[in-house]
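> Whatever this is, show me its structure:
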Amino acid sequence: MADFNVSNSLSTTFYLTGIPGYEVAHHWISIPFCVLYLIGIIGNCTILHIVRTDPSLHEPMYYFLAMLSLTDMGMSLPTLVTLFRVLWSISREIEFNICVVQMFFIHTFSFTESAVLLAMAFDHYVAICNPLRYATILTPQRIAKIGVAAFLRSAFCMIPLLALLAYFPFCHSHVLSHSYCLHQDMIRLACADTKFNVIYGLVLITVLWGFDSLGILVSYIFILRSVLSIASREERLKALNTCASHICAVLILYVPMIGLSIVHRFAKDASPLVHILMAHIYLLVPPVLNPIIYSVKTKQIRRGVMRLLAPKRICSILE
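I've put the predicted structure just below:
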């Protein structure tokens, strides 16, 4: 029976939804989405290029920023093809195995980004509270291990949740309510007891996000204590300013992520447009805004961007 269910599920075709009620305008709606994807890809690739090519940025803070850019792209790029296939009326179909792979990347990289933000908070804590040991604590090898551990933690936590989907029969509607696959969306269509998936998913979100957000909060409590002990007002402001970009990145990830989880679990009767809007904000806002925020707030990144965009003379004037 289990083999039959697995075989059935693997051969299932699902149908993606665009913006319900606005099907006629899908081609026009695709334009702002195209702009957002382009901004996200160009912005994050620019950050990666600047960090890779500028030896002065080969420091822990910028390595973590490069990780953030990679996770942003890892979360949004897997949805690019399916989203535009739907909006351009090419095809609404998606096979089960492709759907699961897409879910794996979306959810794994969203949890990985949360872990990277925790690592960045620890980086700020060490830089401000223990600057003399900064280089010895956060060595390149240790940073690489942190990045790998963040990804593996998220991937191993997601595998059981997604593997169980293969055992669920989908005997009624095969229409997903988004333009890409989310676990919360697919689980609603299963004709079986999905209690484990629902509880496991809730526990996963609570534990991983809870641990990461608590770690970030504790880091900032120590940072604030250390900053308040600095005598010079200018030095205090400078120390706090280095954290501003990171705090914005934390809010940009957690607010849409928590909002989407609440909408899926407790606002099932809300308009489909609300669900779709929250899902796209969760997916596209962090990759679009993070490079912009770090380019504006971080002097070294801003200089790197200006070197790419402006002649040398203009760069020297701006610097």
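> Quick one: residues in contact with stretch 73-85.
16, 30, 33-34, 37, 40-41, 44-45, 90-92, 94, 101-102, 105-106, 108-110, 112-113, 179-181, 283-284, 286-287 (CB atoms under 8 Å, 6 or more residues apart in numbering). Yep, even glycine has a C-beta here, placed from its N, CA and C like the rest.
> So how do I select the buried members of these in PyMOL?
Buried residues among these (16 or more other CB atoms under 10 Å), as a PyMOL selection:
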select buried, resi 16+30+33+37+40+41+44+92+94+102+105+106+108+109+110+112+113+179+180+181+283+284+286+287
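> Of the contacts of stretch 73-85, which belong to strands?
I94 (DSSP state E).
> Point out the ones among the contacts of stretch 73-85 that are inside helices.
Among the contacts of stretch 73-85, the residues falling in helices (DSSP state H) are 30, 33-34, 37, 40-41, 44-45, 101-102, 105-106, 108-110, 112-113, 283-284, 286-287.
> Spit out the contact partners of R188.
Counted by CB under 8 Å, 6+ apart, R188 has zero contacts.
> R236 too?
Applying CB under 8 Å, 6+ apart, the residues near R236 are 227-228, 230.
> let's see it at 10 Å
Residues in contact with R236, defined by CB atoms under 10 Å, 6 or more residues apart in numbering, are 226-230.
> Can you tell me how far the most centrally placed residue in the chain is from C34?
Closest to where the C-alpha atoms of the chain average out (CA atoms, centre = their mean) is S110, at 3.9 Å. Look at S110 and C34: by CB to CB, to the nearest Å, they are 22 Å apart.
> Quick check: which ranges of the stretch 151-300 of the chain have low pLDDT?
231, 264-270 (pLDDT under 70).
> Of all the residues in stretch 226-237, which ones are buried?
Going by 16+ other CB under 10 Å, stretch 226-237 has these buried residues: 226-227.
> Using CSV, list the CA coordinates for it.
Only the C-alpha atoms of stretch 226-237 are listed here, as CSV (Å, rounded to 0.1, in the frame of the first residue of the first chain):
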residue,chain,number,x,y,z
SER,A,226,29.0,47.2,25.7
VAL,A,227,28.1,50.2,23.6
LEU,A,228,26.5,52.1,26.6
SER,A,229,29.8,51.7,28.5
ILE,A,230,31.7,53.6,25.7
ALA,A,231,32.4,57.1,26.9
SER,A,232,32.4,58.9,23.6
ARG,A,233,29.0,59.6,22.1
GLU,A,234,30.5,59.5,18.6
GLU,A,235,32.0,56.1,19.2
ARG,A,236,28.7,54.8,20.6
LEU,A,237,26.8,56.0,17.5
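> Just the ones in helices from the contacts of R236, please.
226-228.
> If we only consider those, which is nearest to G21?
V227 (50.2 Å; CB to CB).
> residues touching the closest one, list them.
128-129, 220, 235-240, 243.
> repeat that with 6 Å
236, 239-240 (CB atoms under 6 Å, 6 or more residues apart in numbering).
> Can you get me the start-to-end distance on stretch 185-193?
Start-to-end span of stretch 185-193 (CA to CA, to the nearest Å) is 15 Å.
> buried stuff in that stretch?
So for stretch 185-193, counting by 16+ other CB under 10 Å, buried means 185-187, 189-190.
> could those be laid out in TSV, adding secondary structure and distance to T71?
Shown next, in TSV, are the buried residues of stretch 185-193 (DSSP: H, G, I helix; E, B strand; the rest coil; distance: CB to CB, whole Å):
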residue	secondary structure	distance to T71
D185	helix	22
M186	helix	23
I187	helix	24
L189	coil	28
A190	coil	29
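> got those as TSV, with distance to R303 columns?
TSV is the format used below for these (distance: CB to CB, whole Å):
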residue	distance to R303
D185	43
M186	45
I187	47
L189	50
A190	52
